[in-house]
Every structure is written in C-alpha cells, then in structure tokens.
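**Q** turn this into a model:
(chains A and B)
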Amino acid sequence: MTQAEIKLCSLLLQEHFGEIVEKIGVHLIRTGSQPLRVIAHDTGTSLDQVKKALCVLIQHNLVIYQVHKRGVVEYEAQCSRVLRMLRYPRYIYTAKTLYSDTGELIVEELLLNGKMAMSAVVKKVADRLTETMEDGKTMDYAEVSNTFVRLADTHFVQRCPLVPATENSDPGPPPPAPTLVINEKDMYLVPKLSLIGKGKRRRSSDEDATGEPKAKRPKHTTDNKEPIPDDGIYWQANLDRFHQHFRDQGIVSAVANRMDQVISKWVGQWLSGIFTYLQMWPLAYSQSQHSRVNSEFQFIFQTQTSSEIVRTMLRMSEITTSSSAPFTQPLSSNEIFRSLPVGYNISKQVLDQYLTLLADDPLEFVGKSGDSGGGMYVINLHKALGSLATATLESVVQERFGSRCARIFRLVLQKKHLEQKQVEDFAMIPAKEAKDMLYKMLSENFISLQEIPKTPDHAPSRTFYLYTVNILSAARMLLHRCYKSVANLIERRQFETKENKRLLEKSQRVEAIIASMQATGAEEAQLQEIEEMITAPERQQLETLKRNVNKLDACEIQVDETIFLLESYIESTVKRQ
Amino acid sequence: MAGNKGRGRAAYTFNIEAVGFSRGEKLPDVVLKPPPLFPDTDYKPVPLKTGEGEDYVLALKQELRETVKRMPYFVETHEEKQDIERYSKRYMKVYKEEWIPDWRRLPRELMPRKKCKKAGPKSEKAKDTGKGTSLTNTADVLKKIEELEKRGDGEKSDEENEEKEGSKEKSKEGDDDEDDNAAEQEEYDEEEQEEENDYINSYFEDGDDFGADSDDNMDEATY
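**A** Below is the predicted model of the structure:
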C-alpha cells in the first residue's frame, strides 16, 4: 500500500462516511488486521464509535472480519475495494446504458447501501421511480424485479456470502462472529418472490424533510411489520463484472479506431473516385448501376463491422469466460455468424474475411485457435489490455514530453533494447537533444536502464548500457501517479468549496426561500427581490466556483478511466507471470 | 581513490562525452534540494473529454456526493455546541433514516450497548460524571467507593438497555449485551487506572470484583 493510495482511500472514506469512519478505515489500511479493542486504543476513539464505524465499513464490504483462535475477531480493510468508490458514478452510468433508469437506480441503491435484500431494493427503487413520474402513474414492483432478475442473470449483481442457518441444538456459547459461506451455485440465483404492489409516493416530501420526521417514523415501522420474504439474502453490485464490461468496451472501441476508421477512409476515397467517374459519363450512369452504388453506400454505413464482430464475440463469451481469463473461449465463425445482431446483413463470406483480417493484425486482439467449424477464433484479452496500456503510456509520454520524446519512446518500445548511440541514430534526432530526452524519460522512470558488464568489475568503459521500456513497471509508476493526481484533485476541490462555503450556503438558502415562495404562489416582483440578495460579483464568483468544481470532478472521473486500464493490465500481467 | 583525482586527469572512469558533455565543459551542479512542488510544464494538458455521457456521469458524481451525506452510514462527528445558535443551522439539518444493521452477519462484539439513540446521551453523561469525580480523588478508599457508585450506574444503564431492547430483541441477546457491558466496564476501569499510575492496586481489586460479579465471561476477560 503506497502513501498515495492511503491518502486517496482516506479522502474517499471521508467523503462517503465522514471523519470517524475515515479514521478507523485508514488506521486499518495502515496497520493490517486488528482486533476491536486495539483499534479503539490506537486511534483514541471511543469504543462505541469504533463499533459503529466498523459496522458501516463491513456493511459496505470495505472491511472483512475473521475469527482467530481464542475467539478474537480481527478486522481487515480491503484497500483496493475502498479505491473502487471513485468509480461508483461509472458503474451507475453503465447500469443506465444497459438497463435504463430502473437498472441505474437498482445499482445506485446497492452501491449506496453496500448490500441490500432484493425486496428492499425493489421497494425503494419503485418508490423512487414513482416519485419522478407524473401524478397518477406508479411503478409496478414486478417491473423493477424483472430488471433485477436481468441484472442477476448477467451477473451485474450477485449474492453476498450467506450466514448458514444454525441449528438450535448446538450446545455451548455462540461463536463470537458468524462465518459467512459463499455458495458458488447460488451466486446469481434470484429467490422466488411474489412482490406485488406499486411504488408509493411520499406525500409532500419537503414537509417531511424539515417538518415532523418523528411523527412519520412509527408509520414506517408498522409498514415493516410484515415478514420479509427474502430475509437474510443480501445482494451487492458485482464490480468485477462491471470491470469486465468496461474492458470489453475498451477493446471494442480500440478495434473500431484501428480497423474501422482505416477501412472507412479507404472506402470513402474509393467511392469519391467512382462519383467523379460517374459525373464524367452521365449517360453511362444507368439504373442498375445506381442500385449498385446504393449498396456500396450501405457498406459505408456498415464500416463499424470489425468492431461489431469483436463486440459480438465478447458478448458471446461474457458469461462463459471468467473475468480474469487471458483468452475468451474459442468461438467458431459459424457461431459468430449466427450471433451477429439481427439486421446486420453481412454474408458469411464477408465475416470470414473480416475475421482473417482481424487475426492478421499485428496487435493480435483476435487470434485464430483452430480450423474446425469454419475457423475457431479467440480474443486475446491479455494482449488487448497490454496494447491499451502501452498506448496509454505512449500518449502520456507524448503529452508530457512532446512528440519527439514519444518517437524515442516508441522506438525503444519497438526494438526492446537499444544502446544510447543506436537511439540517437534510429530516432534521427541530433545526438545532444536525443540524449537530453532520453535522460529526462529515464529520470521520470518511463525508460529503464540495463547494465551489461563485459568484465566482472562493472567498469563503465567496459559495460553496455541498454535502454529499455519495462511496460509493467512503467504502468505501475503511472498508476501510482494517477492515484496521487486524484487525491490532489479531491483536495483541491474540497479546498475550493471550503473557501466559498459561506457563499454556497447563502445561495442554497436563497434558493430554498425562492422555492418555498414559489410553492406558496408569491409574486414575480417578490421573487426577483429575493434573487437579488445575491449580488452580481457573488453570482460571478459562484459561476467560477461551479466551473472549477465541474472541471475537477470531470478530471477525477477521467483519471479513473486511466486507473482502470492500468490496473486491469497490471492484474492480468501479474496473474500470467 | 585520491590518486585518481590527480592533476590533469579526469575524475571519472568513463568517457564524459558519452553522456553528452564535450571536453572541458563544466558539469552541472549537484542538486541538493527536492524538485519544485509545482514544476513548470512544457506542454499544456489536453482538454477533457466532453459529451453527453461525460456530463451525465459528472452530474451523477455530484449528486452521489450529496446523497451519501444524507445516508445513515455517514457518521458525523459531534460538533462543539455553539454559544449562538445559527438560524441557518435549522435548515441545514438533515434527517436520516435509521439504519439497523443485520446483527446476524456481524461479529457479536460490534453490538452497541445501547440500541436507541435516545439512550445515547444519557449513558454518556453517566460516563462523564464518573470520569470527572475520579480525576478529583486520588485516595484509594475514595476510589473504591466511587467504583461502587459507578457500578451502580452501569447496572442502571443495563436495566435501561434491557427495557429498550425488550421491545425489539429477544431477551437472550439482551443477556449477551450485559456480558459485553461487564467486559467493557472492566476495560474502562483499567484504562482509568493506568492514567493514575497505580495499576497494581487496581489490578487486584478489579480481579476480585470481577470474579464476584459473574463467572461466565471469562472468555472476555482473557482479553
């Protein structure tokens, strides 16, 4: 665990669960697993607060516990899981793109609550959807639970480990902590529930928030009196499955960029050639030719073909391939042909041509594993991640050090090992500048140096110095920097908001007053008067703040995309070694 | 080593020209300070990706940040009571839903002593007063009296607990709680005594008291 990671974890925990939880969480990350009383003692926090914090962390799957001998329970933080909190918006957005608003809310609830019973999720989501709908319309429980089942079928949500049912005959004191059991078979099995009902609208939610919440509470408890049908079965978002989806998306768009753009450019040039030809000979442009040109046009709109093929292959192997496998299961071209989306009319022959083309590509995203069934094809996930990570490194070098450095970097990458003299010659950059660039990248750890002594005394004059790019270590270094950047971004954002806290509070207050006045039907002049409570410079300051915060937030999200890519590459490489 | 640096001879064992310095050129100074905190960048960063998807994720992120503050999992620190109550505070207050964890899934020791929030400040107050008096007294006898007092307090709060829990939980779990309480009480005492630096005395006392109190929480006492 590096300092940068711990710092980021601390900021994330603080933003999500407040300072107490952050203190406990960071302490656990720093020290490894610890028993309850030691945590309380070392952090100087009261026992009750430690307990509460641990409950929160366990609920959100950020801390696991283990019973040691003599009945001591030790708690251990899951640092990498804590860092995933940064990606929550992306998970939710993915659920929205795949399963619309209902899926979005289901995943959001699961992430916000850590783990939930299915019935609770369905109820909550139905209520929330009903609130956003027009008056008189409600969301049916059945519809929400259908989406939930689909999410479970595609493994985006999974069951949490269960507490095994204990027999009461067991003598002696109960164990200090329950042992949770994962049943692989049932991981994605949705319990049969008869959830009948509709989402309820909270009556006048504003009043409820400020007015009399206590009076409301007893009502809620009476609601919950009825026995929960799926008591004890908790669900969580399956982040690995989301990651698999992100990876697949990345591969598809990489293929699209590489293959389809080249093809479409080529086709475009070819077509414009035809048109000039036709314009020269208007009489020769008969009806039959017109239809032919039309079909060519269709072709141009289908130049996403190779990415579509890869997408289809990935979709076919989504469930059959584990998220950490280096290859997908082999798929025959016949199978792929049958699974292409409907309305995608390319002939089997064209498909085979595309597959050969993809398999011949030097990046080796798609590989041919056999000839049976019209040719068996796999997607080399490991290679694909490697290419994506390398491309990321290249582009970072380009943006940080300029295109000439990037040229040297790519050169070293391509030739594996190069002596300084060779770098200068091959890159066709003046020796002095090339040296400068090389050393700069060396000192920033993008390029590493390998000594090969001719004699055992390592005398510099009798030693080869070979420059090389160790992709794995460079990726690790970059990942570390990304963590640091995100932590810096969060700190900056917090600073910006803190600096303008009074102003923000004021604007919130004014907005609240305006909203309440609008509800009571105030006149336009009155509203304007209140609006003017915020002066023009203040308004400007607010605008600037908003723009800055938006930018910082967007940065966080996009740095996290790089983090995801580097993490998946490192994970897959380490696994293969 | 010193011989190597003889006059007219290069201080290096390798050809300096290989690293890009011509003969006789002055070498750069040794850098003795860390790199600047905000170094100049030669290249401006590329603009961020924008688009519908990005905007939506951004909105989601900001909304999520507000939402987590309203979740029951957000544990707030107890603020110092301010002398002047700010009017705006009344509007800022957010009412959170109550969260009852599924105790079947959690280690038993995490169960709080007090279930209801209402019981919270009360027992805390009891604790506070106990601490306050203990600091003023140093004599052993007084301490003993005080401990007896405190135990009384503890029992009272236990009773409260049981009452509260009786409505919600089975009485069996209430018993468990009591065990926990006893253990906690004991630990609490220990800490206090350590502060006052006469732990040997208190150690024996504690042991005695503890043994007389109950015998089925020895497993906790090994701690």
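**Q** now the strands: where do they sit in chain A?
**A** A:34-35, A:63-67, A:73-77, A:116-117, A:157-159, A:234-237, A:331-332, A:366-370, A:376-379, A:418-419, A:448-453, A:463-468 (DSSP state E).
**Q** now the third one, how far from the centre of its chain.
**A** Looking back up the chat, that one is strand A:73-77. Its chain's average C-alpha position is 27 Å from that of strand A:73-77, according to Cα atoms, centre = their mean, to the nearest Å.
**Q** what's the angle from that strand to strand A:63-67?
**A** Counting by axes from the mean of the first three to the mean of the last three Cα atoms, to 10 degrees, strand A:73-77 points 150 degrees away from the direction of strand A:63-67.
**Q** which of the strands of chain A sits closest to chain B?
**A** strand A:73-77 (4.5 Å; Cβ to the nearest Cβ). Just so you know, the C-beta spots here come from the backbone N, C-alpha and C atoms, and that holds for glycine as well.
**Q** quick one: low-confidence ranges for the chain?
**A** Picked chain A for this. Chain A contains residues with pLDDT under 70 at A:165-175, A:194-229, A:260-303.
**Q** that's the wrong chain, I meant chain B
**A** For chain B (pLDDT under 70), the answer is B:1-14, B:20, B:23-24, B:78-97, B:112-223.
**Q** turn the strands of chain A into JSON lines, columns for distance to residue A:177.
**A** Output for the strands of chain A, formatted as JSON lines (distance: least, Cβ to Cβ, whole Å):
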{"stretch": "strand A:34-35", "distance to residue A:177": "11"}
{"stretch": "strand A:63-67", "distance to residue A:177": "5"}
{"stretch": "strand A:73-77", "distance to residue A:177": "5"}
{"stretch": "strand A:116-117", "distance to residue A:177": "21"}
{"stretch": "strand A:157-159", "distance to residue A:177": "20"}
{"stretch": "strand A:234-237", "distance to residue A:177": "16"}
{"stretch": "strand A:331-332", "distance to residue A:177": "45"}
{"stretch": "strand A:366-370", "distance to residue A:177": "47"}
{"stretch": "strand A:376-379", "distance to residue A:177": "43"}
{"stretch": "strand A:418-419", "distance to residue A:177": "57"}
{"stretch": "strand A:448-453", "distance to residue A:177": "46"}
{"stretch": "strand A:463-468", "distance to residue A:177": "50"}
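**Q** how far does the longest helix anywhere in chain A sit from its chain's centre?
**A** Ranked by number of residues, the top helix in chain A under DSSP state H is helix A:536-576. Offset of helix A:536-576 from its chain centre (Cα atoms, centre = their mean): 12 Å.
**Q** next one: stretch A:120-135
**A** Worked out by Cα atoms, centre = their mean, stretch A:120-135 lies 26 Å from the chain centre.
**Q** tell me which residues of it come out buried.
**A** A:120-130 (16 or more other Cβ atoms under 10 Å in any protein chain shown).
**Q** quick revisit: what is the longest helix of chain A packed up against?
**A** helix A:88-113, helix A:239-255, helix A:381-401, helix A:471-499, helix A:501-520, helix B:52-70 (3 or more Cβ pairs under 8 Å, 6 or more residues apart in numbering or on different chains; DSSP states H and E).
**Q** care to break chain A down by domain?
**A** A:3-77, A:84-165+A:176-200+A:231-237, A:240-276+A:303-379, A:384-469, A:474-517+A:544-573 (the TED database).
**Q** to residue B:52, which of the ones you listed lies closest?
**A** domain A:84-165+A:176-200+A:231-237 (10.8 Å; Cβ to Cβ).
**Q** pretty sure residue A:178 sits against residue B:105.
**A** Yes. Here residue A:178 lies in contact with residue B:105, judged by Cβ atoms under 8 Å, at a distance of 6.3 Å.
**Q** mutual contacts of the two, please.
**A** residue A:163 (Cβ atoms under 8 Å, 6 or more residues apart in numbering or on different chains).
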